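In: Pasting the sequence and the predicted model now:
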Amino acid sequence: MSKNSLTEGQKAPDFCLPDQNGNEICLKDFAGKWLILYFYPKDNTPGCTREAQEFSAVMNDFSAENAVVIGVSKDSVKSHINFIEKKDLTITLLSDEDTTVHQKYNVWRTKKNYGREYMGTVRSTFLIDPDGVLVKVWDNVKSGGHAEKVIEVLKERIE
């Protein structure tokens with residue numbers, strides 16, 4: 001699996017996607033705020049649920065730092081509604097069914113599982129500053145404990 005080609009210090013790729021309520025959410029909507037944009041493979045799977053619940057659990061910490069957490073997967077809006085309700089999540093989820101934004105962020109890549117190659121979402125997180133610049137890229141993330149690492153880095157950047 002190749003590494004993510006996006007680098008810290010470059011402008012974050014622009015996007016507009018529907019959230020779980022069908023509202024269009026765009027990168028420009030977060031001007032003046034810190035944005036934690038994370039990509040995950042699939043709603044209601046163990047690792048993705050753990051990651052979403054961990055981000056939801058520390059939402060107040062992110063809010064205190066003028067930061068917003070947004071999750072993106074290729075699941076449908078309807079799937080996101082189910083995931084949020086079933087797992088009691090407090091984060092916003094965006095639907096990228098055709099993987100356009102996944103490709104802009106270079107997270108739609110060749111993966112291997114049991115010797116089989118296929119295209120899929122590489123779990124990744126991007127910390128975007130209030131000016132829309134990538135300040136931290138986490139590639140091929142392990143879900144457990146990741147939200148805590150993100151909040152630590154965010155606090156370091158702000159201080």
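Out: In hand now; what should we look at?
In: Every contact and neighbour count from this point should use C-alpha atoms.
Out: Fine.
In: neighbouring contacts of the strand or helix carrying residue 85?
Out: Element membership for residue 85, per DSSP states H and E: helix 77-87. For helix 77-87, the surrounding residues in contact (C-alpha atoms under 8 Å, 6 or more residues apart in numbering) are 18-22, 43-44, 49, 53, 89-90, 93-95.
In: Just the element for the residue nearest the centre of the chain, please.
Out: Centroid-nearest residue in the chain: residue 38, 1.2 Å away (criterion: C-alpha atoms, centre = their mean). For residue 38, the element it lies in under DSSP H and E is strand 34-39.
In: which residues are contacting that strand?
Out: 65-73, 102, 107, 121-130.
In: C-terminal to the helix holding residue 85, which secondary structure element comes first?
Out: With DSSP H and E, the next secondary element past helix 77-87 is strand 92-95.
In: After that following strand, heading C-terminal, what element do we hit next?
Out: Downstream of strand 92-95, the first helix or strand assigned by DSSP H and E is helix 100-104.
In: what lines up beside the helix or strand just after that following helix in the sheet?
Out: Using DSSP H and E, the helix or strand that follows helix 100-104 towards the C-terminus is strand 108-113. With DSSP bridges as the test, strand 108-113 is paired with strand 116-121 (antiparallel).
In: Which positions in the strand it pairs with come out as buried?
Out: 120-121 (16 or more other C-alpha atoms under 10 Å).
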